[in-house]
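> Mind folding the following:
(2 chains)
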Amino acid sequence: MHHLNGTLPLSIHGLRKVYGNVVAIEALDLEVYSGECFGLLGPNGAGKTTTIEICEGLTLPDSGAVEVLGLDWKHHAADIRERIGIQLQETQFPEKLTVEEILRLFRSFYRRGLPVARIIETVQLTEKKDSRVGGLSGGQRQRLAMACALVGDPELLFLDEPTTGLDPQARRHLWELMADLKKAGRTIILTTHYMEEAERLCDRVAVMDRGRIIALGTPRELIAGIGAEHIVEFAVDGFADNLHWDALKNLEGIRCTRLENGRFQASASELHKSVPEIFEVLASRGIKLTELRTHSATLEDVFVSLTGRNLRDE
Amino acid sequence: MSEQVLGPRTRNIEPEGNPVWDYSLIQLTFARFRLFFREPEAVFWIFIFPILLTLGLGIALRNRPPEVTKIGIVGGDLASVLRRDKNLAVTVMDQDSGEAALRTGRIQLLAIPSSRGVIYRYDDTNPDGRTARLLTDRALQHSAGRADPFKTTNDLVREPGSRYIDFVVPGLLGMNLMGSSIWGLGLAIVDFRQKKLLRRLVASPMRRWEYLASFVLSRLAILPFEVIVFLGFAVAVFRVPLRGNLWQLGILCVAASLCFNALGLLAACRVRTIEAVSGLMNLIILPMWVLSGIFFSADRFPDAVQPLIRALPLTAVVDALRANMLQGSGFASLHRELAVTIAWFVVPFFLALRLFRWR
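Residues are numbered from 1 along each chain as shown, chains lettered A, B, ... in the order given. This is a model prediction of the structure:
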């Protein structure tokens, strides 16, 4: 189903970008297929935004090659801009313009595109079309930003953390919209640090950490890669001795990761066996369990098991 | 919702609606208009403030009937002599209250009769003080029998065109053009940059020159109203003359506006915050407010700095506006002023384009 017309919507090779003496991204390779929703996942500062802004032609890489819709930025910038839709992090639209005025303005930049009224309907802002931006909620502003990305009828959409800072309802609202866009055959590239978002929407995800891609695949593949379907999270009091840690680490059928502040995360395939074993190790050493939770493995757990850190630690 | 959603991308959707309104340069200019007229402060500074300022200056400095000079005299003997002069308002006071009145400016001169004649106490650096001295002395000498050996007559000139209000209105017009252009452009551009909106616009296929052109277009479209409202007020209320060619006056205003737009663009071309650009714009504006002869003639500054002052854009603009309005001069006699104005448009404009930060 991929490579429908031979050109990839996006392909990146050997991308590198350094700010001062901080390496933002390093040796990045990536291919995005036509019609898929691709997620760039990672904590703040992982290099997601730098990557996506290079793809959008807003930042120049230090080295490496980027092709968008088979075109390169150096020679075909105007063409690419006509055919992609962009939502940036933290764009504030002028408070005193209305939804319709802003969309009319953005529509005028594109040689071809969709009628403004239809876009407003798509993002469900019809009732708000004459409201000024100043009177919109956070979710409505994000949908306006999305509408500006859609107004040129793009083949490829770049969405940089479209749901960050939204309440759960507004977030679900945007998810529906993105799911519909995907159904309509648009290629979407999405950055997020919400694993749930990536799991729900993305066909494939690349997990980024410190400027590199540390895992790439479908959410299902990545979760399977942990080697277990269940996650046990627990916290203890007074765990200082590394000997105890060895005992936990060597339990059979468990891969245990030690987090900060006496917190642990273990992946297990058989909960009914593994949980009693953990209890036993702790009880025999007089360690008090203060918290215990189990859940099915998620992309969040993939990140923890790959890096030993929580996604939102930073 | 999926029924309404965009559907597969098709290649044949026509541009919608009215092609003229939906042209991007026009949409950008509309956006500027809307943002301007929806900002009550901006409208106040551009349309209302100059009128209030003119009104204030006009009232404070209006041509009153020739002013009577207030003097004090110690002891009542000579008071009746002095009161015969209609230019003098004479108050009899004792020495202490007279000194106090002199210090606080309630009288311009205190006359103290003494055994050696009359002593005049006054401030000789104050023109009003010198006038009081001349009038008082003349009245006393005449009453003592002095006659004028040389015959003179007065021919009074009190017509529009030579009053302070006539001098200051072209100055205020120039100041207003400078302020609205520099602030209008500088703040708007940096505001967009600070909100990351400039970045968002550049990520779209918007043509960059159109974005900048929309500022100039919207400024030029507001300009006629700005100028007509202000000059209309000055002409209607104060009878300020418009002796020059009105078309040339219009062209002068456009040239001034373009020149100050370029300076506003230059101030805003790299700065990231409103605070920084405000400081920068004040740095450009304030020296010219003082030096360029808005409220008093720039000739009063020392000769050594005159070349510098003449090279400032506001000096050139104000001089040209004054020459047009008050003396009726045409472009033929304004070569220097026009050249300075155009130079201040061309150089900052291209400099700003080169340095402009689109992010």
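> I'd guess B:R34 is in a strand, am I close?
No: secondary structure assignment (DSSP: H, G, I helix; E, B strand; the rest coil) places B:R34 in helix, not in a strand.
> Please enumerate the strands of the chain.
Here I'm looking at chain A. Under the criterion DSSP state E, chain A contains strands at A:10-19, A:22-32, A:37-41, A:63-68, A:84-87, A:156-160, A:187-192, A:204-209, A:212-217, A:230-237, A:254-258, A:263-268, A:288-296.
> switch to chain B, that's the one I care about
B:69-74, B:88-93, B:109-114, B:117-122.
> so what strands line up beside the third one?
The partner list of strand B:109-114 in its sheet, established with DSSP bridges, is strand B:69-74 (parallel), strand B:117-122 (antiparallel).
> buried sites along it?
Within strand B:109-114, the residues scored as buried using 16 or more other Cβ atoms under 10 Å in any protein chain shown are B:L109, B:L110, B:A111. C-beta here means a position set from N, CA and C on the backbone, and glycine is covered the same way.
> Check the second one too.
Neighbour-count burial for strand B:88-93, counted by 16+ other Cβ under 10 Å, picks out B:L88, B:A89, B:V90, B:V92, B:M93.
> Tell me which residue lies nearest the centroid of the chain.
The chain I'm using is chain A. Geometric centre of chain A, nearest residue: A:T192, 2.6 Å, by Cα atoms, centre = their mean.
> that answer is for a different chain, and I need it for chain B
Central residue of chain B (Cα atoms, centre = their mean): B:L172, at 2.3 Å.
> List the residue ranges of the stretch 201-314 of chain A that fall below the pLDDT cut-off.
Scanning the stretch 201-314 of chain A for pLDDT under 70 picks out the ranges A:238-243, A:311-314.
> closest point of it to chain B, which residue?
A:L201 (14.5 Å; Cβ to the nearest Cβ).
> how about that residue, what does it touch?
Counting by Cβ atoms under 8 Å, 6 or more residues apart in numbering or on different chains, A:L201 touches A:C37, A:G39, A:W175, A:M178, A:A179, A:K182, A:I188, A:L190.
> wait, doesn't the residue nearest to the centre of chain A sit right on A:T163?
Yes: using Cβ atoms under 8 Å, A:T192 is in contact with A:T163, at 7.0 Å.
> re the thing from before, so which of the strands of chain A is nearest B:V240?
strand A:84-87 (53.2 Å; Cβ to Cβ).
> chain center to the closest one: distance?
Distance of strand A:84-87 from the chain centroid (Cα atoms, centre = their mean, to the nearest Å) equals 16 Å.
> With stretch A:138-158 instead?
For stretch A:138-158, the distance to the chain centre is 17 Å (Cα atoms, centre = their mean).
> how close does the residue of the stretch 251-359 of chain B found nearest chain A sit to B:V202?
Proximity of the stretch 251-359 of chain B to chain A (Cβ to the nearest Cβ) peaks at B:R359, 7.1 Å away. Counting by Cβ to Cβ, to the nearest Å, the gap from B:R359 to B:V202 is 7 Å.
> neighbour-wise, which of those two wins?
Under the criterion of other Cβ atoms under 10 Å in any protein chain shown, the comparison of B:R359 against B:V202 puts B:V202 first, with 17 against 12.
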